[in-house]
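Asks: Got a sequence here, can you model it:
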Amino acid sequence: MQISKSFFNIRQIPLAVICLFVLDIFFCFAYIGTHVPVALDFRAVRYWDLDFEGGIATWYSAFQLLGIAILSTLFVRKKAALAQGSPVLLGLPIIFLLMGIDEIARIHERIGKYSDVLLPAGSRANTPFQETGIWMFLVGIPFIVFFLLWLHRLRKKLIGYGAEINRLGMGVFLLLLGALGIELLSNFLSNNSSQLIGIALEEGLEMIGATVIFWAVLSMLRKKRPAKLFRV
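Replies: Next up, the predicted model:
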């Protein structure tokens, strides 16, 4: 109930998190709003393109994940200073730092291109995955399994942080729903309008998910718990 109340009571949401939510929504509407008028110059519009590697939203998403990694590092240092450190906690900054790097370097998309050799005739052209390839099966599913196992161990280590861990899991669920679920559906979107909405949903869920994760880690950092509530 604690998470539900905080989602519906804006006074319980930190100002920084509210600002991130506003930016998440703004980038989605800016993308749709600037791509509907076909007469607009692509050179001006592409910087609002959620699917453009050099776009503003891409860098925004990367800095979101970098911010999560920084907050996570501060949290790990805080626990280490209280003699409550654990190798499991190191997963917090490492996971989200790597995700931030991937956001810029598009490593998963490169894996998708290289993995085309596993498809019939070495091409995705005549498969159901013409847009994405099969990277979500090679990278996405193993990551989900790894993350669930790590989250289970993290929950056991951080007794007293149940609401924050649940929020962290919810954020990752939203992020992966966009990155894996909606992107998988993009293979079956045939017209421009549906593709436009699909990209907005995909990237929007990724950004909102990252904001929820940021909120979770910020709450963990701010929370004061007695040392006896931490299991080593």
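Asks: how about the strands in the protein?
Replies: For the chain, applying DSSP state E gives no strands.
Asks: So which residue is dead centre in it?
Replies: With distances taken as CA atoms, centre = their mean, residue 175 lies nearest the centre of the chain, 3.9 Å away.
Asks: and the gap between the closest residue to that one other than its chain neighbours and residue 142?
Replies: With sequence-adjacent residues excluded and distances taken as CB to CB, 6 or more residues apart in numbering, residue 175 is closest to residue 209, at 3.0 Å. C-beta here means a position set from N, CA and C on the backbone, and glycine is covered the same way. Counting by CB to CB, to the nearest Å, the gap from residue 209 to residue 142 is 19 Å.
Asks: out of the two, which sits in the busier spot?
Replies: The residue with more neighbours, out of residue 209 and residue 142, is residue 209; 22 against 10, by other CB atoms under 10 Å.
Asks: Distance check, that one against residue 31.
Replies: If you measure residue 209 against residue 31 using CB to CB, the figure is 17 Å.
Asks: go on, residue 190?
Replies: Counting by CB to CB, the gap between residue 190 and residue 31 amounts to 20 Å.
Asks: These two: which has the busier surroundings?
Replies: It is residue 31, of residue 190 and residue 31, that has more neighbours when counted by other CB under 10 Å, with 23 against 7.
Asks: Help me confirm that that one comes into contact with residue 56.
Replies: No - contact between residue 31 and residue 56 fails when scored by CB atoms under 8 Å: they sit 10.0 Å apart.
Asks: so what sits against both of those two?
Replies: Common neighbours of residue 31 and residue 56 (criterion: CB atoms under 8 Å, 6 or more residues apart in numbering): residue 48.
Asks: for the protein, what spans make up the helices?
Replies: For the chain, the helices identified by DSSP state H occupy 2-8, 15-35, 42-45, 56-81, 91-105, 107-114, 135, 141-157, 162-176, 183-185, 192-222, in order along the chain.
Asks: would CSV of those with mean pLDDT and distance to residue 123 be doable?
Replies: Shown next, in CSV, are the helices of the chain (pLDDT from 0 to 100; distance: least, CB to CB, whole Å):
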stretch, mean pLDDT, distance to residue 123
helix 2-8, 50, 45
helix 15-35, 90, 29
helix 42-45, 59, 28
helix 56-81, 93, 27
helix 91-105, 91, 24
helix 107-114, 81, 11
helix 135, 84, 15
helix 141-157, 93, 22
helix 162-176, 95, 27
helix 183-185, 87, 19
helix 192-222, 92, 21
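Asks: okay, the ones you listed in CSV with distance to residue 126 next?
Replies: Written out in CSV, the entries for the helices of the chain read as follows (distance: least, CB to CB, whole Å):
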stretch, distance to residue 126
helix 2-8, 44
helix 15-35, 29
helix 42-45, 30
helix 56-81, 30
helix 91-105, 28
helix 107-114, 16
helix 135, 18
helix 141-157, 23
helix 162-176, 28
helix 183-185, 18
helix 192-222, 20
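Asks: what's around residue 110, how many residues?
Replies: Per other CB under 10 Å, the neighbour tally for residue 110 reads 12.
Asks: Give me the distance between it and residue 23.
Replies: In this structure, residue 110 and residue 23 are separated by 28 Å, where distance is defined by CB to CB.
Asks: Residue 85 and residue 76 touch, don't they?
Replies: Yes - applying CB under 8 Å as the test, residue 85 and residue 76 come out as touching, 7.0 Å apart.
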